[in-house]
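Chemist: Output the structure for:
(one chain, ligands or ions: 1)
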Amino acid sequence: MIRPSSTDKIAGSDFRLPKAGPQGSAQDRAEQQPQATSVQYGIRRPIVAGNWKMHGTRSENARLIDEIISRYPADPAPECIVCPPYVYLQEVGRLLRDSAVLLGAQDVCADAQGAFTGEVSATMLKDVGCQYVIVGHSERRLHYGESDQLVARKFAAAHAKGLMPILCVGEQLADREAGRTREVVARQLDAVLELCGVQTLASAVVAYEPVWAIGTGRNASPEQVQEVHAFIRGRIAAQDATIAGATRILYGGSVKASNAAELLAMPDVDGGLIGGASLKADEFLAILAVAGSR
Ligand code: PGA
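Modeler: Next up, the predicted model:
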């Protein structure tokens, strides 16, 4: 099914998306280039990505991964990504071997290598089997002072090493209440477009996450979400309509099994970045099933 979207008239590029399916070790898979995808999703195959944040232990991770890979809906399968803390990446990557579930990190250093104590480079993430990395999550922006420019450099560092950045953008409650949502989201997106160029979005994902809806249980309405997603797509389209038509824009912020269907039904919502609900196998799998049945 080709999904309609706010830029439907510009959809139809030959953009190629990563393929799900058993593909050898996580390291092997990290070396692979984005590939053609099933036509059933049109050009934007949905993604459900789990951001585990600072949760998990080795045994909890093993149980969660075991449940996910044994029950991951085979067909039609949305793309499924899990993003554990750095320290567990390699082990989770091993657990994912021979499954279609992909590995992502939650952050990356903007610099390539050197004397940056505590940091982890894009090369290292590739080396342990990551294909994706979240950049600019609001918790990084808020608690660790990451500026739009630093996030753009992280995006560039990831992209340069063949990782797919998942660029998070989103306004705080005060921004929304002051009517500044578009201004904030545009500023965050433009920092990346200016440093990296619109072409880099051909191998990246955007996630809209209103800060006031993250981990709060407070939901953005499907209409609020669609409005910002369409704005983001339109802003990309102003630079390159083909890339805009192919860019997957995920929604994040208290997505759970009970509200996934209405959010993912929106024409410009191409999946979810899931925090709390990604730690519960039943919830995460239910969201995957919703994404697969869109
Ligand atoms: P949440 O987190 O689903 O717990 O709101 C989403 C996120 O921060 O990516």
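
Chemist: And for Ala261, the neighbour number?
Modeler: Burial of Ala261 is recorded as 16 neighbouring residues (other Cβ atoms under 10 Å). For every residue, glycine as well, the C-beta is placed using N, CA and C.

Chemist: wait, it sits on Ala289?
Modeler: No - contact between Ala261 and Ala289 fails when scored by Cβ atoms under 8 Å: they sit 9.7 Å apart.

Chemist: who does the residue in the stretch 1-150 of the chain that the ligand sits nearest to bridge with?
Modeler: The nearest approach of the stretch 1-150 of the chain to the ligand comes at Asn51, 4.2 Å away (Cβ to the nearest ligand atom). Beta-bridge partners for Asn51, by DSSP bridges, are Cys83.

Chemist: In contact with it, which residues?
Modeler: Cys83, Gln106, Ile134, His137, Gly252, Leu273, Ile274, Gly275, Ser278 (Cβ atoms under 8 Å, 6 or more residues apart in numbering).

Chemist: Distance to Ala157, neighbour count and secondary structure added to those, as CSV?
Modeler: Output for those, formatted as CSV (distance: Cβ to Cβ, whole Å; neighbours: other Cβ atoms under 10 Å; DSSP: H, G, I helix; E, B strand; the rest coil):
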residue, distance to Ala157, neighbour count, secondary structure
Cys83, 17, 27, strand
Gln106, 15, 21, coil
Ile134, 13, 26, strand
His137, 16, 27, coil
Gly252, 22, 27, strand
Leu273, 20, 28, strand
Ile274, 25, 29, strand
Gly275, 24, 23, coil
Ser278, 25, 26, helix
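
Chemist: Show me which of those is closest to Asp66.
Modeler: Ser278 (15.0 Å; Cβ to Cβ).

Chemist: coming back round to it: can you give me the pLDDT of the residue of the stretch 1-150 of the chain closest to the ligand?
Modeler: At Asn51, the model reports a pLDDT of 98.

Chemist: Let me know the helix or strand that the most centrally placed residue in the chain is in.
Modeler: Nearest residue to the geometric centre of the chain (Cα atoms, centre = their mean): Ile166, 4.2 Å. Assessed by DSSP states H and E, Ile166 sits inside strand 164-169.

Chemist: Run through the neighbouring helices and strands of that strand.
Modeler: strand 132-135, helix 148-160, helix 181-196, strand 205-208 (3 or more Cβ pairs under 8 Å, 6 or more residues apart in numbering; DSSP states H and E).

Chemist: Dump those to JSON lines, plus mean pLDDT.
Modeler: Output for those, formatted as JSON lines (pLDDT from 0 to 100):
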{"stretch": "strand 132-135", "mean pLDDT": "98"}
{"stretch": "helix 148-160", "mean pLDDT": "98"}
{"stretch": "helix 181-196", "mean pLDDT": "98"}
{"stretch": "strand 205-208", "mean pLDDT": "98"}
